[in-house]
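A.B. asks: Here is my input, please return the structure:
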Amino acid sequence: MRIEKDSMGEMQVPDDALYGASTQRAVLNFPISGRPMPEAFIRGLGLVKLACALANEELGRLSPDKSKLIQQVAREIIDGKLSAHFPVDVFQTGSGTSSNMNANEVISNRAAQLAGHAIGSKKPIHPNDDVNLGQSSNDIIPTTLHVSVAVALKENLVPALGELAAALGKKSAGFSGIVKIGRTHLMDATPLTLGQEFSGYAAQARKAVERAGKSIAALGELAIGGTAVGTGINCHPEFPKKVCRILGEKTGVAFREAANHFEAQGGRDDAVEVAGHLATIAASLTKIANDIRLLGSGPRSGIAELRLPATQPGSSIMPGKVNPVMSEMLVQVCIYVQGLSQVVTTCGRDGHFELNVTIPLMAHALHESIHCLANGARAFTRQCVVGIEADAARCRELVDRSLMLVTALNPYIGYDAAATVAKEALAKNKTLREIVLEKKLMDAATLDKALEPMSMTKPGESALGAGGG
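C.D. replies: Take a look at the predicted model:
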């Protein structure tokens, strides 16, 4: 152990740790979950510290030599090389001050190493006076939340959802010629093509991409420059704009200074909005995953219109059983994400006066949601969707057995007569065609044309009557 000092006095710190006394206090004070702050958040914190050093150098507040050292260490943080030196638990001070000081101390001590000084000497870089120049935990941590989550959305979730949308779109095109029975209320309805059904799933996935994009836009305003309570005390007036410009150049995200710094620090409504988008994306993916596993149910006693890829044995007692495990995985991910979304929503209401004090938990919940959603969507795409096959014969069999083709007869014999035909066909276990011809309601040629399933899938080309689902 070595001895380091902070404003509260001396503290024993492990010899091999790059953090200092303030971080060690947090380690001892918060032995809660054993989960440190998310890796993506820590990397984002490194990026923010790099931008702040550059901005302060441009403003002449930090010498080029000091700025260069801070940037060098910040890049090591961004690259994940120093992650082991960020041990502070998620459940810590609600402002994230411990994590901010963790970064300040690591940068100071690593800079000392690089410059040939002793760790803990605060030479040539002081953790507060240099690394934290023009900053407060109260604006740095909200800024890092926005930056890191926006980057995670852009670089992880958006590509994963885009891959899913493309795979579903490809299946939609490939299944365009396969007629199947539609279902509403879990009951037989009028026909559609399997391609049309999958086009709905593809559209949901594309909208999920759009919602992730809206989340990135919602995070565009940054709290940087507000310092302690939003007034910007000890901060150069040009500092926040420069930091936002540099962060935008580094990430490709259009960051800007908050229009109102008191809102940007006292509230976390933007994060709550993002959680809502993530919950909506989870709802979409749940619908897709559930439909696919139901359409693949069987293989002999279920719907079995789809053949899903076999990824692993499904039972320890039933030989040969294969289950829709990729759908089950994705549904569980989505349940988890919606729970985390509620965590963020609850956190968002706990802003008291000039600061929200649940930011570390928000960061954990949002990054965990993005991480799991992206990995879940990617695995579902690659190990399920791309390998889905259609059983065209089974689809046609179920169409031919359906009584809801009777809907196409409404324009010819009227709703009431059509309802009577459907009920009699069910009761006598006969086809619609047999009952209509027995009752001499239509001639055979007209009837066959009216009951052609493919014509019912083309809007404007069939004579479907009006009515509800």
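A.B. asks: so residue 142, which of the three states?
C.D. replies: helix (DSSP: H, G, I helix; E, B strand; the rest coil).
A.B. asks: residues touching it, list them.
C.D. replies: Applying C-beta atoms under 8 Å, 6 or more residues apart in numbering, one finds that residue 142 lies in contact with 222-223, 264-265, 268, 356, 359. Where C-beta positions appear, they are placed from N, C-alpha and C, glycine not excepted.
A.B. asks: out of these, which are inside helices?
C.D. replies: Counted as lying in helices by DSSP state H, out of the contacts of residue 142, are 264-265, 359.
A.B. asks: neighbours of the closest residue to residue 426 other than its chain neighbours, just the number please.
C.D. replies: Closest residue in space to residue 426, ignoring its immediate chain neighbours: residue 403 at 6.0 Å, by C-beta to C-beta, 6 or more residues apart in numbering. Using other C-beta atoms under 10 Å, residue 403 has 16 neighbouring residues.
A.B. asks: do the same with residue 236
C.D. replies: Neighbours around residue 236, by other C-beta under 10 Å: 18.
A.B. asks: wait, doesn't it sit right on residue 134?
C.D. replies: Yes. Applying C-beta atoms under 8 Å, one finds residue 236 in contact with residue 134, separated by 5.9 Å.
A.B. asks: Common neighbours of those two, please.
C.D. replies: In contact with both residue 236 and residue 134: 56, 61, using C-beta under 8 Å, 6+ apart.
A.B. asks: so how far is residue 5 from the spatially closest residue to residue 104 that is not a sequence neighbour?
C.D. replies: Beyond its immediate neighbours in the sequence, the residue positioned closest to residue 104 (C-beta to C-beta, 6+ apart) is residue 127, lying 3.8 Å away. Computed with C-beta to C-beta, to the nearest Å, the distance linking residue 127 and residue 5 is 11 Å.
A.B. asks: all strands for the stretch 151-300 of the chain, in order.
C.D. replies: With DSSP state E, counting those that start in this stretch as the criterion, the stretch 151-300 of the chain has strands at 179-184, 187-193, 221-222, 256-257.
A.B. asks: most packed of the ones you listed?
C.D. replies: Highest mean neighbour count among those (mean count of other C-beta atoms under 10 Å): strand 221-222, with a mean of 24.
A.B. asks: hmm, who's touching that strand?
C.D. replies: 142-143, 146-147, 240, 243-244, 247, 255-259, 264, 270.
A.B. asks: Measure how buried residue 61 is and give me the count.
C.D. replies: Residue 61 - counted by other C-beta under 10 Å - has 15 other residues nearby.
A.B. asks: I'd say it and residue 235 touch.
C.D. replies: No. Using C-beta under 8 Å, residue 61 is not in contact with residue 235, being 10.0 Å away.
A.B. asks: Could you look up the SS state of residue 22?
C.D. replies: For residue 22, the assignment made with three-state DSSP gives helix.
A.B. asks: residue contacts, it?
C.D. replies: So residue 22 contacts 6, 98, 101-102, 105 (C-beta under 8 Å, 6+ apart).
A.B. asks: any idea how far it is from residue 251?
C.D. replies: 28 Å.
A.B. asks: Determine which residue lies closest to the centroid of the chain.
C.D. replies: Nearest to the geometric centre of the chain sits residue 370, at 3.9 Å (C-alpha atoms, centre = their mean).
A.B. asks: Quickly find the element holding it.
C.D. replies: In the assignment (DSSP states H and E), residue 370 maps to helix 359-383.
A.B. asks: quick one on the thing from earlier: hmm, residue 105 and the residue nearest to residue 104 touching each other?
C.D. replies: Yes. Applying C-beta under 8 Å, one finds residue 127 in contact with residue 105, separated by 5.0 Å.
A.B. asks: Show me whatever sits in contact with both of those two.
C.D. replies: Residues touching both residue 127 and residue 105 (C-beta under 8 Å, 6+ apart) are residue 20.
A.B. asks: what about these two, which has more around it?
C.D. replies: Using other C-beta under 10 Å, the more surrounded residue of residue 127 and residue 105 is residue 105, with 28 against 25.
A.B. asks: what residues are up against that one?
C.D. replies: By C-beta under 8 Å, 6+ apart, residue 105 lies in contact with 18-23, 127.
A.B. asks: Please apply the same query to residue 169.
C.D. replies: Neighbours of residue 169 in contact, by C-beta under 8 Å, 6+ apart: 198-199, 202.
A.B. asks: Name the member of these with the most neighbours.
C.D. replies: Neighbour max across the contacts of residue 169 (other C-beta under 10 Å) = residue 198, 29 neighbours.
A.B. asks: hang on, isn't it packed against residue 172?
C.D. replies: Yes. With contacts counted by C-beta under 8 Å, residue 198 reaches residue 172, the gap being 3.9 Å.
A.B. asks: my read: residue 33 touches residue 87, true?
C.D. replies: No. With contact defined as C-beta under 8 Å, residue 33 does not count as touching residue 87 (11.9 Å).
A.B. asks: So which of the two has more stuff around it?
C.D. replies: Of the pair residue 33 and residue 87, residue 87 is the one with more neighbours under other C-beta under 10 Å, namely 19 against 10.
A.B. asks: Tell me how many other residues surround residue 396.
C.D. replies: If we define neighbours as other C-beta under 10 Å, then residue 396 has 16 of them.
A.B. asks: residues contacting it?
C.D. replies: So residue 396 contacts 179-180 (C-beta under 8 Å, 6+ apart).
A.B. asks: Repeat that for residue 112.
C.D. replies: Counting by C-beta under 8 Å, 6+ apart, residue 112 has contacts 118-125.
A.B. asks: Now restrict those residues to buried residues only.
C.D. replies: When the contacts of residue 112 are checked for burial by 16 or more other C-beta atoms under 10 Å, the buried set is 119-120, 122, 124-125.
A.B. asks: Now tabulate the residues you listed in a markdown table and tack on distance to residue 91 and pLDDT.
C.D. replies: Below are the buried ones among the contacts of residue 112 laid out as a markdown table (distance: C-beta to C-beta, whole Å; pLDDT from 0 to 100):
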| residue | distance to residue 91 | pLDDT |
| --- | --- | --- |
| 119 | 28 | 96 |
| 120 | 27 | 94 |
| 122 | 29 | 96 |
| 124 | 35 | 98 |
| 125 | 29 | 98 |
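A.B. asks: Done for today, thanks.
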